[in-house]
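> can't give you the sequence, but here's the structure:
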């Protein structure tokens, strides 16, 4: 009974918290986007409502780059690749004359970009395979602790969107299970998503490489391979969702054409569904880009969001603050 | 405050339940196995204990065939394959003369077995690909509703182990997140694991085939492909755990050499870890088999369990009841 009594006190404390703490989305302006979110959540969580959805089916999937954290001027993981190749270069003298490594090491990122998908894949393999999963996780954590954004000078994990952090909390408080479904590397995100977003490793879906179990000094280790098991972008997102989650999301959140298939997959399920697109419209506080952007292009998904009445968040108009204080 | 008052009543009701409901593992005899389980759970969940493990890290992984439900005289999924090939045969007249389909349709399962891994793979592909994930899920549910075990005549979902159901509940009540990590097909298990084991689809890891997003009548569907993405057996189990869960289990439960790598991976983590092997020793109430069995062979894992002091459950001696009443 002691545990029960303690829980009672906790519940009473929650019940009597001040009214000022009542708005679960304080960084959202009181516009149509916020109203659409709240209306949907109330509709599917109200007991006895015709659209009530049981807790286990309340799956919410979030893209990461450009939806939960900033992706300009270039994806964070690309900056990680650049730093890793530089750090590993002393052990690879052959890179000095081998493209695209040579260009990267000379700081000619334009030439690196010109090496195309094949070149990027080589850099990814060099920086993301050959080590154990534990070693890679530590490398990511160490890098994030010291790396800084090229224009703001801030740590990348502080360039997450405060309104989206509140949205994650709000959904979880209403029984939703929140997942990341990102084109980013699954092992690149897992070391920090729990701390930053409250999303544990088992709820992170991302681009996935091969793994191999090996014995080293009598202990099993998992070694990262340069092979690709899932490209979790575009049509790969519904595949990743099915593979990892095994049911269709009730709500999905994205910001680019890379998320379109996920939003279509989500909204084509039966019953109420919710789709939201974050539109980067704030050149002063963040970045403004959409149809012509190379990073996070939002073109077809913007048309479809308009045509289908999905919620489109204008960062400039709908968000009071962008980044956590 | 109304919701709080309601919760208070619920908690008071829980707090005052009769003493007879106190044993969380009533189908377990009071032997060393039960004591080892309880001692481990108390050790890692007691606040202030040197071995305390925070809730998010309390990951428990369970093999399915032979650990949570019966696997003799043959894996349930093989019986599903046989029935599916028979059901699909009218649409495939060519199977009448094509092996291993012809032998299967003539009821010559010995010849089917003789077709080896390549033959079984063909049967798997024929019965597990070409349809959408929704269609496959429905087929599995329909089949399980009517299929019966060849010797007991019982539905397969009632041939689950009552002591393991209690163990799953007991672990969850102590903050563990329970996962299945099985050589069985991930899509074959997901339609029923939540209802039968309380394990939702997103916590099921299994052998996984390829998927392809297609548009049909303007709606996206996921079509099952005959390709293999993960063989979630033996060395594949730690790979599946890393891919889907992203952290090492605190406790793992298996019954065969197919689980050895998972048990090694689990126990080679730092801090307290728990490994348990279900030993099929009860020829009267279930089946008795181990080192020589073709299904669920327990040989190397039995040696290692003995050598390392893992908990070995004798179904005959440690379990009061095997199946739910």
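Good, I have the coordinates. Note that this is a predicted model, so its numbers are computed, not measured.
> Just the pLDDT for the closest residue to residue A:130 other than its chain neighbours.
Among residues not flanking residue A:130 along the chain, residue A:224 sits closest, at 6.7 Å (Cβ to Cβ, 6 or more residues apart in numbering or on different chains). For glycine as for every other residue, the C-beta is placed from the backbone atoms N, C-alpha and C. In this model, residue A:224 is scored at 98, pLDDT.
> which SS class is residue A:224?
Secondary structure state of residue A:224, per DSSP: H, G, I helix; E, B strand; the rest coil, is strand.
> Burial check on it, number of neighbours?
21 (other Cβ atoms under 10 Å in any protein chain shown).
> Now do it against residue B:321, distance only.
45 Å (Cβ to Cβ, to the nearest Å).
> Does the residue nearest to residue A:130 touch residue A:128 like I think?
Yes - counting by Cβ atoms under 8 Å, residue A:224 touches residue A:128, with 6.3 Å between them.
> Give the residues shared as contacts by the two.
A:136, A:187, A:209 (Cβ atoms under 8 Å, 6 or more residues apart in numbering or on different chains).
> now the second one, nearest residue through space, not along the chain?
The shortest distance from residue A:187 to any non-neighbouring residue, by Cβ to Cβ, 6+ apart, is to residue A:136 (5.7 Å).
> Contacts only, for the one you found.
A:128, A:187, A:224.
> Just the element for it, please.
Residue A:136 belongs to helix A:133-146 when assigned by DSSP states H and E.
> Mind listing what's buried along that helix?
A:133, A:136-137, A:139-140, A:143-144 (16 or more other Cβ atoms under 10 Å in any protein chain shown).
> all helices for chain A, in order.
Taking DSSP state H as the test, the helices found in chain A are A:2-15, A:32-45, A:76-88, A:101-105, A:109-114, A:116-128, A:133-146, A:162-173, A:186-197, A:236-244, A:260-267, A:300-308, A:315-318.
> List the buried residues for the fourth one?
Using 16+ other Cβ under 10 Å as the test for burial, helix A:101-105 gives A:101, A:103-105.
> List of residues touching that helix?
Taking Cβ under 8 Å, 6+ apart as the rule, helix A:101-105 contacts A:82, A:85-86, A:89, A:92, A:95-96, A:109, A:111-112, A:115, A:122-123, A:126.
> Near residue A:115, how many other residues are there?
Counted with other Cβ under 10 Å, the neighbours of residue A:115 add up to 17.
> ok, the closest residue to it other than its chain neighbours - contacts?
Leaving aside its chain neighbours, residue A:115 sits nearest to residue A:100 (3.8 Å; criterion: Cβ to Cβ, 6+ apart). By Cβ under 8 Å, 6+ apart, the residues touching residue A:100 are A:111-112, A:115, A:119-120, A:122-123.
> Go through those residues and say which is closest to residue A:165.
Comparing the contacts of residue A:100 against residue A:165 with Cβ to Cβ places residue A:120 closest, at 30.3 Å.
> residues contacting the residue nearest in space to the middle of chain A?
Centroid-nearest residue in chain A: residue A:64, 1.7 Å away (criterion: Cα atoms, centre = their mean). The contact partners of residue A:64, by Cβ under 8 Å, 6+ apart, come to A:180, A:182, A:184, A:189, A:206.
> Most neighbours of all the residues you listed, which one?
That'd be residue A:182 among the contacts of residue A:64, by other Cβ under 10 Å, with 30 neighbours.
> wait, what's in contact with that one?
The contact partners of residue A:182, by Cβ under 8 Å, 6+ apart, come to A:63-65, A:189, A:204-207, A:232.
> could you dump these to a markdown table with pLDDT?
Below are these laid out as a markdown table (pLDDT from 0 to 100):
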| residue | pLDDT |
| --- | --- |
| A:63 | 98 |
| A:64 | 98 |
| A:65 | 98 |
| A:189 | 98 |
| A:204 | 98 |
| A:205 | 98 |
| A:206 | 98 |
| A:207 | 97 |
| A:232 | 97 |
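> Sitting in strands, which of those do you find?
A:204-207 (DSSP state E).
> Looking at those, spot the one nearest chain B.
When those are ranked by distance to chain B (Cβ to the nearest Cβ), residue A:204 comes first, at 6.5 Å.
> hey, what's the residue nearest to residue A:130 bridged with?
Beta bridges link residue A:224 to residue A:211 when assigned by DSSP bridges.
> quick one: which of the contacts of helix A:101-105 is nearest to chain B?
Among those, and counting by Cβ to the nearest Cβ, the member closest to chain B is residue A:126, at 21.0 Å.
> still on that earlier bit, and which of the buried residues of helix A:133-146 is nearest residue B:156?
Nearest member of these to residue B:156, counting by Cβ to Cβ, is residue A:133, at 35.4 Å.
> ok, that closest one touching residue A:225?
No - with contact defined as Cβ under 8 Å, residue A:133 and residue A:225 do not form a contacting pair (11.0 Å).
> shared neighbours, the two?
residue A:211.
> got the domain boundaries for chain A?
Chain A breaks down into these domains under automatic domain parsing: A:25-73+A:156-208+A:230-318, A:76-128.
> end-to-end on the first one?
What that stands for is domain A:25-73+A:156-208+A:230-318. With Cα to Cα, to the nearest Å applied, domain A:25-73+A:156-208+A:230-318 spans 11 Å between its terminal residues.
> go on, stretch A:46-53?
9 Å.
> tell me which parts of the stretch 201-325 of chain A are close to chain B?
A:201-204, A:208, A:211-213, A:219-220, A:222, A:229-230, A:235, A:238-239, A:242-247, A:261, A:264-265, A:268 (Cβ under 8 Å from any Cβ of the partner chain).
> Please pick the buried ones from these.
So, by 16+ other Cβ under 10 Å, the buried ones in those are A:201-204, A:208, A:211, A:213, A:220, A:222, A:229-230, A:235, A:238-239, A:242-247, A:261, A:264-265.
> so who does the closest residue to residue A:44 other than its chain neighbours touch?
Computed as Cβ to Cβ, 6+ apart, the closest residue to residue A:44 that is not its neighbour in sequence is residue A:53, at 4.3 Å. By Cβ under 8 Å, 6+ apart, the contact set of residue A:53 is A:44-45, A:250, A:271-272.
> which two in those are spaced the farthest apart?
For the contacts of residue A:53, the farthest-apart pair by Cβ to Cβ is A:45 and A:271; their separation is 13.3 Å.
> Show me which of those two is the more surrounded one.
residue A:45 (19 against 11).
> Hmm, residue A:175 and the more buried one touching each other?
Yes - Residue A:45 sits in contact with residue A:175 when judged by Cβ under 8 Å, with a separation of 6.4 Å.
> so where is chain A shaky, pLDDT-wise?
A:1-21 (pLDDT under 70).
> change it to 90
Within chain A, the stretches with pLDDT under 90 are A:1-22, A:109-110, A:113, A:116-117, A:120-121, A:217-218, A:325.
> State the distance from residue A:199 to chain B.
As judged by Cβ to the nearest Cβ, to the nearest Å, residue A:199 and chain B stand 11 Å apart.
> mind listing what the nearest residue to that residue once chain neighbours are set aside touches?
Residue nearest to residue A:199 in three dimensions, not counting chain neighbours: residue A:193, with 4.5 Å by Cβ to Cβ, 6+ apart. Counting by Cβ under 8 Å, 6+ apart, residue A:193 touches A:180, A:199-201, A:204.
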